[in-house]
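A.B. asks: any chance you could fold what I've pasted below:
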Amino acid sequence: MFQKMKKVIEKFLEDLARENQKVYGKGGLDCCKINRNNSENMNNKKNP
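C.D. replies: Down below sits the predicted model:
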C-alpha cells in the first residue's frame, strides 16, 4: 500500500518538475527576471 502511494507521489513530483522546467528553464530562478517577464506579459495583455 505504501509503495503504491510512494510511486504516485514520485510521479507527481516528476511531472511537476518537468512542467516547471518548461516554464522556467533549467537555470536557477531569478526573482528580478521573473517579475520583469510577468510585468511585460501584463502590459501585452492590456495593450493588444
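A.B. asks: please count neighbours and contacts with C-alpha atoms only from this point.
C.D. replies: Fine.
A.B. asks: which stretches in this structure count as helices?
C.D. replies: For the chain, the helices defined by DSSP state H occupy 2-24, 31-46.
A.B. asks: with respect to the ones you listed, which exhibits the lowest mean confidence?
C.D. replies: Note on the helices of the chain: lowest mean pLDDT is at helix 31-46, with a mean of 62.
A.B. asks: what's the neighbour count on Arg18?
C.D. replies: Neighbourhood size, Arg18 [other C-alpha atoms under 10 Å]: 13.
A.B. asks: correction: the previous question concerned Asn20.
C.D. replies: Per other C-alpha under 10 Å, the neighbour tally for Asn20 reads 12.
A.B. asks: got the contact list for it?
C.D. replies: Going by C-alpha atoms under 8 Å, 6 or more residues apart in numbering, Asn20 touches no other residue.
A.B. asks: kindly report the same for the one 10 residues further on.
C.D. replies: For Asp30, no residue counts as a contact, taking C-alpha under 8 Å, 6+ apart as the criterion.
A.B. asks: distance of it relative to Met1?
C.D. replies: Computed with C-alpha to C-alpha, to the nearest Å, the distance linking Asp30 and Met1 is 40 Å.
A.B. asks: check Lys22 too.
C.D. replies: 32 Å.
A.B. asks: next one: Cys31
C.D. replies: In terms of C-alpha to C-alpha, Cys31 sits 40 Å off from Met1.
A.B. asks: between these two, which is the more surrounded one?
C.D. replies: Cys31 (9 against 5).
A.B. asks: measure the more buried one to Arg18 for me?
C.D. replies: In terms of C-alpha to C-alpha, Cys31 sits 20 Å off from Arg18.
A.B. asks: again, but for Ile9
C.D. replies: Computed as C-alpha to C-alpha, the Ile9 to Arg18 distance reads 14 Å.
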